[in-house]
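Enquirer: quick one, fold the following:
(one chain, ligands or ions: 2)
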Amino acid sequence: MEIYDAIIIGSGQGGTPLAKKLAKAGWKTALVEKSYAGGTCVNVGCTPTKTMIASAKAIHTIGRAEEWGLKAELREIDIHAIIKRKSDVVELFRNSAQEGLEETDNLDLIWGQAAFRERNVIETKLRSGGTSLITASKVIISTGTKQDLPNIRGLENSGYLTSTTLMELKEIPRHLLIIGGGYIALEFGQMYRRFGSEVTILNLGDRILEQEDIDISNEVRKLLELEGIKIICGADTKAVEREGNETNVWFTVGQEERSMSCSHVLVAAGRVPNSGDLNLASAGVATDEQGYLVVNEYLETSAEGIYAIGDVKGGPEFTHVAYNDHLILLRNLLHAEKQTTDRLVPYCMFIDPQLGRVGLTEAEARAKGLNIKVACIPMSRVARAIETGDERGLMKAVVDADTKQILGVAILGEEGGEVMSVLQMAMLGKIDYSAVRNMMFAHPLYAESLNNLFMEFDGDQA
Ligand SMILES: Cc1cc2nc3c(=O)[nH]c(=O)nc-3n(C[C@H](O)[C@H](O)[C@H](O)COP(=O)(O)OP(=O)(O)OC[C@H]3O[C@@H](n4cnc5c(N)ncnc54)[C@H](O)[C@@H]3O)c2cc1C
Ligand SMILES: NC(=O)c1ccc[n+]([C@@H]2O[C@H](COP(=O)([O-])OP(=O)(O)OC[C@H]3O[C@@H](n4cnc5c(N)ncnc54)[C@H](O)[C@@H]3O)[C@@H](O)[C@H]2O)c1
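Expert: Residues are numbered from 1 along each chain as shown. Ligands and ions are numbered 1, 2, ... in the order given. Presented below is the predicted three-dimensional model:
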């Protein structure tokens, strides 16, 4: 049995850089991957979706050309070409991830499905046939999540689509019905509406984006509806049945029973951890009732020497979290530091315009009983938005009324993620809102309007 210093299972955006950096630091390292280098983000997540969303945005822009004084016409949407562009970008990123791993000294890349044989022993069913047994004093589980299938009668055999299979569909659905109302539902809903599909979103919750403040959730709903997307909230899907070229969907809204037929169903109702086939019990690694690995703030599992990073440990499931987890664990493993996961987690939903978010919502701050002030301006008051011709959305910030520290930010607007990041830096650096109000930004950037946002509190008095 080959002995390593560290074994990492899963080559996502945490596992890959961790493996390379441990190996470069002189640790004999093995990385086991059952599918493709780069994990969900590169192969079926962020990279392909954001590439295809760029095509959808171009379509939308052409449709509004006259507003900028242009006579332009969209002649055809070539879904084959859109998918090919997406696949080329994915291949570029995937190959670069794989080459980076293969070129690293001290690092063995093992292709196959890994599981624990016992606490520090990993057995891999090799893709090339046979099995391998390896051992290490440190094992890092970075196996991510997979699509969840809600328990809906008939769904399994209805030919439903997932985010992965939809991005390979070589036709534009006539009517795409989406079960779910989170990131995937909204990003794909807008994308396919712009590709020309009729889109209906069936969301179980009372409103979309329930974790966000009501004004933000309403504004997102309004702008999606303006593009012709139908959103039904409180929709509990009961049954799905394929009949010829149509799929019939039965659901309830409150007491009312309703049905609808569509050409395609996209399931986007959340994801579940890839932990069930790891034989975790043999290693003494505890999971919660949903199968997520239980970790402490140092990313240590219940078993000594075994760690978990990224989506498989639950919590906010984003690429940047998986990446940041690897930085924390790296410092703790290499330098015996005590870095923790106590951190600010930003995120950005890539609808158009983007929703950039960090820190507390207004509702969360009020629930904590904090003494807060809230500033909010519509994008129609942002000079750059008016000049470039997209005034949808708003800028909102929650601050501590006593200390003036910024507690939370939501920027729904063109480049909302970038503008949010400016305030994320202010939050991390403890730059209070009055400093941002008086700060000089280059004119006419979106960021410049952060002066105006915070003038909401004290007028334009310095
Ligand atoms: C459609 C979609 C769009 C997304 N868009 C964004 C976005 O815009 N921004 C963002 O921040 N996040 C986005 N995400 C989420 C993001 O992709 C994940 O948070 C991120 O990929 C998690 O990284 P990870 O390393 O934890 O897991 P993963 O990237 O899932 O990597 C896990 C790896 O482990 C491998 N594996 C699993 N089990 C085993 C095993 N037993 N043996 C060997 N290998 C195994 C898998 O094959 C996989 O390669 C998106 C997700 C989806 C589905
Ligand atoms: N821009 C981004 O960062 C981005 C983009 C896409 C995905 N992601 C990540 O991918 C993960 C998966 O995304 P997702 O959208 O599938 O999950 P999600 O957890 O974001 O949303 C799931 C949604 O489905 C709803 N739902 C659950 N069961 C339902 C049912 N039976 N019928 C109707 N609605 C139901 C929930 O109320 C929720 O709104 C998320 O954790 C997210 O972090 C991130």
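Enquirer: and stretch 186-197, what's buried?
Expert: Residues 186-195, 197 are the ones in stretch 186-197 that count as buried (16 or more other Cβ atoms under 10 Å). C-beta here means a position set from N, CA and C on the backbone, and glycine is covered the same way.
Enquirer: adding distance to ligand 2, secondary structure and pLDDT, write the residues you listed out as a markdown table.
Expert: Shown next, in a markdown table, are the buried residues of stretch 186-197 (distance: Cβ to the nearest ligand atom, whole Å; DSSP: H, G, I helix; E, B strand; the rest coil; pLDDT from 0 to 100):
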| residue | distance to ligand 2 | secondary structure | pLDDT |
| --- | --- | --- | --- |
| L186 | 8 | helix | 98 |
| E187 | 6 | helix | 98 |
| F188 | 9 | helix | 98 |
| G189 | 10 | helix | 98 |
| Q190 | 12 | helix | 98 |
| M191 | 11 | helix | 98 |
| Y192 | 14 | helix | 98 |
| R193 | 16 | helix | 98 |
| R194 | 17 | helix | 98 |
| F195 | 17 | helix | 98 |
| S197 | 18 | coil | 98 |
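Enquirer: residues near the closest residue to ligand 1 within the stretch 251-400 of the chain, how many?
Expert: The minimum distance from the stretch 251-400 of the chain to ligand 1, using Cβ to the nearest ligand atom, falls at G310 (2.1 Å). Using other Cβ atoms under 10 Å, the number of residues around G310 comes to 34.
Enquirer: how about R343?
Expert: R343 has 13 nearby residues by other Cβ under 10 Å.
Enquirer: pretty sure it sits in a strand.
Expert: No - assessed with DSSP: H, G, I helix; E, B strand; the rest coil, R343 is coil; it does not lie in a strand.
Enquirer: that one against N324, yeah?
Expert: Yes - shown here, R343 and N324 form a contact pair, counting by Cβ atoms under 8 Å, at 6.8 Å.
Enquirer: okay, and the common contacts of these two?
Expert: Common neighbours of R343 and N324, using Cβ atoms under 8 Å, 6 or more residues apart in numbering, do not exist here.
Enquirer: could you give the number of residues near D288?
Expert: 12.
Enquirer: now for it: which residues touch it?
Expert: 294, 314.
Enquirer: and if you look at E241?
Expert: Here E241 is in contact with 154, 158, 247-248 (Cβ under 8 Å, 6+ apart).
Enquirer: closest to R127 among those?
Expert: Distance ranking of the contacts of E241 against R127, using Cβ to Cβ, places S158 first at 30.9 Å.
Enquirer: in the chain, which residue is most central in space?
Expert: By Cα atoms, centre = their mean, the mean C-alpha position of the chain lies nearest to F318, the distance being 4.6 Å.
Enquirer: how about that residue, nearest residue that isn't a chain neighbour?
Expert: Nearest non-adjacent residue to F318, counting by Cβ to Cβ, 6 or more residues apart in numbering: Y347, 5.7 Å away.
Enquirer: could you do G39 as well?
Expert: G39 sits nearest to G12 (Cβ to Cβ, 6+ apart), 2.8 Å away.
Enquirer: that neighbour falls within a helix, correct?
Expert: No - going by three-state DSSP, the assignment for G12 is coil, not a helix.
Enquirer: just the pLDDT for it.
Expert: Here, the pLDDT recorded for G12 equals 97.
Enquirer: who touches whatever residue of the stretch 301-450 of the chain ends up closest to ligand 2 in this structure?
Expert: Nearest residue of the stretch 301-450 of the chain to ligand 2, counting by Cβ to the nearest ligand atom: E317, 3.5 Å away. Residues near E317 by Cβ under 8 Å, 6+ apart: 145, 271, 311.
Enquirer: A helix includes it, no?
Expert: No - counting by three-state DSSP, E317 is not part of a helix but coil.
Enquirer: how about the residues of the stretch 201-350 of the chain by ligand 1?
Expert: Residues of the stretch 201-350 of the chain found near ligand 1 (Cβ under 6 Å from any ligand atom) are 274, 277-278, 310-312, 317-320, 322, 350.
Enquirer: and these, which is closest to G45?
Expert: T319 (7.2 Å).
Enquirer: quick one, what contacts the residue nearest to G39?
Expert: Per Cβ under 8 Å, 6+ apart, neighbours of G12: 38-41, 142, 144, 310-311, 319, 322.
Enquirer: please, which helix or strand holds the residue nearest to F93 when sequence neighbours are not counted?
Expert: Take F93 and drop its neighbours on the chain: the residue closest to it by Cβ to Cβ, 6+ apart is V42, 4.6 Å away. Following DSSP states H and E, one finds V42 within helix 39-43.
Enquirer: could you list the contact residues of the stretch 51-200 of the chain toward ligand 1?
Expert: 113-114, 142-144, 163, 184.
Enquirer: of the residues you listed - the most surrounded one?
Expert: Of these, with other Cβ under 10 Å as the count, S142 tops at 31 neighbours.
Enquirer: could you look up the SS state of the residue in the stretch 351-462 of the chain that ligand 1 sits nearest to?
Expert: Closest residue of the stretch 351-462 of the chain to ligand 1, Cβ to the nearest ligand atom: G417 (9.5 Å). What three-state DSSP gives for G417 is helix.
Enquirer: count the neighbours of it for me.
Expert: Going by other Cβ under 10 Å, the residues that sit close to G417 add up to 20.
Enquirer: list the contacts for Y433?
Expert: By Cβ under 8 Å, 6+ apart, the neighbours of Y433 are 375, 397, 399, 404-406, 454, 457.
Enquirer: so which of the residues you listed belong to helices?
Expert: 454, 457 (DSSP state H).
Enquirer: selecting buried members of the contacts of Y433 in PyMOL, what would you type?
Expert: To isolate the buried members of the contacts of Y433 in PyMOL, using 16+ other Cβ under 10 Å:
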select buried, resi 375+397+399+404+406+454+457
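Enquirer: closest one of the contacts of Y433 to L428?
Expert: I406 (10.1 Å).
Enquirer: so how many other residues sit close to the closest residue to ligand 2 within the stretch 151-300 of the chain?
Expert: Minimum separation of the stretch 151-300 of the chain from ligand 2 (Cβ to the nearest ligand atom) falls at G182, amounting to 2.0 Å. When counting by other Cβ under 10 Å, one arrives at 18 neighbours for G182.
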